[in-house]
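Student: What follows is a protein structure lacking sequence information:
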Ligand code: GDP
Ligand code: MG
């Protein structure tokens, strides 16, 4: 999907005059690509109609930024397709909610259950996990292992073979224990089978979930619509989580899942580890879908807010992909000095939600200043290394002493550094567009 869409846009970008023919060609290609990806025909047709409405060719003839207008229109339409128009049920901390996970075997349910629990636990919730998968051998062990690692209470059985009974007992127990987020992991099958859907219906009936989350592997592509629809028909799916976004798949199936379930995507899975989990953010997702990379908006912003004379250096560093503590220091300096550059970083997945949550800019600034004080106590070797292993405990202890902070804070900063370095490393080898080359997307 992403390939042909970006090809279509590429073709359009190459044309010097945008006329109706080019617009139609471009739309047709995107239409084909979206249909191939099993997005509902109606949605694709709506997109086409809307784009034609928005992109008035006469206006285009008069305006300067034709490509920008068309690109922006397509981008916006794809964003709209991922927005079912109403938010999903959101559990409230301190109030008991039951959340049931459904999806085919291997889609990432058990992993995602733990991530979801861990995500909330970090924010002060009291989550609990119930293993209602009695189909797959070892299912309970897997959940137990995950839960133990994250120190999350769990419930399951090696003996009981009735998933409905376990689910009911587990939910009951954790309600008594005043858990505010009771997560029910269910079984899957390799195929969509009537027995699976009947089981889901029964588990749902027994546990009365406040929210059912459909877990979808980003690589299933065309199968997404049928799969999502089949689950939606047996249980009240209210949200979607797309997993394995760290792989090659662009996640085009998410459009179909949203269409089939009329539910929003709420999180994405970006790795096998517990913390490789991000709140869904539609813009970078669509950028990626279009094959523009997560970084297009980011690059655009760089051109806008980074002083011209600093751009080549920063972009060079970006493309090398080595994120040192010194680069982090310099970027922090920029953030503090320039203010609006904060917007640049807010476009990086992970940067905004964790380091600089919206509405808490003051605290974020204070944190950044604290980090910089600690980095002032680092040696040049430490600042210029991109190997986090260099930073052993004795070094961190020295830095803590030198800056008058607690070692815990140094460790926290190093965690932040590692997280940003990981994001940064994805930019390695990035083709750096010159100013104006990639304007709208
Ligand atoms: P389930 O059968 O639906 O419960 O799926 P599992 O949770 O057991 O996951 C199946 C496989 O996918 C496991 O090897 C997981 O480690 C892996 N997995 C799950 N989510 C992700 C993800 O976001 N990224 C990657 N790379 N692997 C994942
Ligand atoms: Mg499982």
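Tutor: Nice, thanks for sending it over. Predicted model only: the values in this text are computed from it and were never measured. Ligands and ions are numbered 1, 2, ... in the order given.
Student: At the contact with ligand 2, which residues of the protein appear?
Tutor: Along the chain, the residues adjacent to ligand 2 under the rule CB under 5 Å from the ion are 109-110. The C-beta positions use only the backbone N, C-alpha and C, and glycine is treated the same way.
Student: Straight-line length of stretch 133-140, end to end?
Tutor: When the termini of stretch 133-140 are compared using CA to CA, to the nearest Å, they are 7 Å apart.
Student: What residues sit buried inside it?
Tutor: Neighbour counts over stretch 133-140 (16 or more other CB atoms under 10 Å) mark 133-135, 139-140 as buried.
Student: So for that stretch, mean pLDDT?
Tutor: In this model, stretch 133-140 has an average pLDDT of 88.
Student: what does stretch 271-278 give?
Tutor: For stretch 271-278, mean pLDDT is 91.
Student: Buried residues of it, list them for me.
Tutor: Residues of stretch 271-278 classed as buried by neighbour count (16+ other CB under 10 Å): 271, 274, 276-278.
Student: Confirm that residue 242 sits in a strand.
Tutor: Yes - counting by DSSP: H, G, I helix; E, B strand; the rest coil, residue 242 is found in a strand.
Student: returning to that earlier point: please list which of the buried residues of stretch 271-278 are also close to ligand 1.
Tutor: Judged by CB under 6 Å from any ligand atom, the overlap between those and the neighbourhood of ligand 1 comprises residue 271.
Student: now, which of the buried residues of stretch 271-278 sits nearest ligand 2?
Tutor: Using CB to the ion, the shortest approach to ligand 2 within the buried residues of stretch 271-278 belongs to residue 274, at 15.1 Å.
Student: you'd agree that closest one is up against residue 150?
Tutor: Yes - counting by CB atoms under 8 Å, residue 150 is a contact partner of residue 274 at 5.9 Å.
Student: joint contacts of those two?
Tutor: Contact criterion CB atoms under 8 Å, 6 or more residues apart in numbering; residues shared by residue 274 and residue 150: 114, 118.
Student: mind giving me the domain split of the protein?
Tutor: Structurally, the chain divides into domains by automatic domain parsing as follows: 2-81, 97-282, 296-425.
Student: What's the end-to-end length of the longest one?
Tutor: To tie it back to what came earlier, the one meant is domain 97-282. Distances were taken as CA to CA; on that basis the terminal residues of domain 97-282 are 26 Å apart.
Student: if we can go back for a sec, got the buried residues of stretch 133-140 as a markdown table, with distance to ligand 1 and secondary structure columns?
Tutor: Rendered in a markdown table, the data for the buried residues of stretch 133-140 read as follows (distance: CB to the nearest ligand atom, whole Å; DSSP: H, G, I helix; E, B strand; the rest coil):
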| residue | distance to ligand 1 | secondary structure |
| --- | --- | --- |
| 133 | 7 | coil |
| 134 | 13 | coil |
| 135 | 10 | coil |
| 139 | 7 | helix |
| 140 | 12 | helix |
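Student: What residues are bridge-paired with the residue in the chain positioned nearest to ligand 1?
Tutor: When CB to the nearest ligand atom is the measure, the chain has its nearest residue to ligand 1 at residue 269, with 2.7 Å between them. The residues paired with residue 269 through beta bridges, assigned by DSSP bridges, are residue 277.
Student: Spatially nearest residue to residue 424 (excluding sequence neighbours)?
Tutor: With CB to CB, 6 or more residues apart in numbering as the measure, residue 323 is the residue that lies nearest to residue 424, at 3.7 Å, once sequence neighbours are left out.
Student: In terms of pLDDT, where does that neighbour sit?
Tutor: Value for residue 323, per-residue pLDDT: 79.
Student: and it, how many neighbours does it have?
Tutor: Residue 323 has 23 neighbours, counted by other CB atoms under 10 Å.
Student: quick check, it in a strand?
Tutor: No - counting by three-state DSSP, residue 323 is not found in a strand; it is coil.
Student: what is the mean pLDDT for stretch 419-433?
Tutor: Mean per-residue pLDDT for stretch 419-433: 64.
Student: Hmm, I typed the wrong one, I wanted stretch 288-305.
Tutor: Here the mean pLDDT over stretch 288-305 is 55, rounded to a whole number.
Student: same check, this time on stretch 363-372
Tutor: 86.
Student: buried ones in that stretch?
Tutor: Along stretch 363-372, the positions that meet the burial threshold by neighbour count (16+ other CB under 10 Å) are 364-365, 367-368, 371-372.
Student: any idea how far it is from the chain center?
Tutor: On the basis of CA atoms, centre = their mean, to the nearest Å, stretch 363-372 sits 25 Å off its chain's mean C-alpha point.
Student: Also stretch 155-173?
Tutor: 31 Å.
Student: what does that stretch rub up against?
Tutor: Residues lying outside stretch 155-173 but in contact with it, judged by CB under 8 Å, 6+ apart, are 98, 128-135, 140, 143-144, 174, 182, 184, 186-187, 199, 202-203, 206-207.
Student: and with 10 Å instead?
Tutor: Stretch 155-173 has contacts (CB atoms under 10 Å, 6 or more residues apart in numbering) with 96, 98, 100, 128-135, 139-141, 143-144, 147, 153-154, 174, 177, 179, 182-187, 199-209.
Student: count of neighbours near the residue in the stretch 101-250 of the chain that ligand 2 sits nearest to?
Tutor: When distances are taken as CB to the ion, the stretch 101-250 of the chain approaches ligand 2 most closely through residue 110, which lies 3.3 Å from it. Other residues within reach of residue 110, judged by other CB under 10 Å, total 28.
Student: Quick one: residues contacting it.
Tutor: 101, 103, 129, 131, 133, 136, 139-140, 142-143, 145-147, 185-188, 215.
Student: pull the longest helix from the protein.
Tutor: Ordering each helix of the chain by length in residues (DSSP state H) puts helix 407-425 first.
Student: ok, and does that helix reach over to ligand 1?
Tutor: No - contact between helix 407-425 and ligand 1, assessed by CB under 6 Å from any ligand atom, is absent, since the two come no nearer than 13.4 Å.
Student: Need the buried ones from the contacts of residue 110 selected in PyMOL.
Tutor: For selection in PyMOL, the members of the contacts of residue 110 meeting the burial criterion (16+ other CB under 10 Å) are listed in this command:
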select buried, resi 101+103+129+131+133+139+140+142+143+146+147+185+186+187+188+215
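Student: which bits of the stretch 301-441 of the chain sit near ligand 1?
Tutor: In this structure, the stretch 301-441 of the chain does not approach ligand 1 anywhere, judged by CB under 6 Å from any ligand atom.
Student: Quick one: the helices in the stretch 301-441 of the chain, in order.
Tutor: If you assign secondary structure with DSSP state H, counting those that start in this stretch, the helices in the stretch 301-441 of the chain sit at 311-320, 325-338, 341-345, 361-376, 380-384, 393-403, 407-425.
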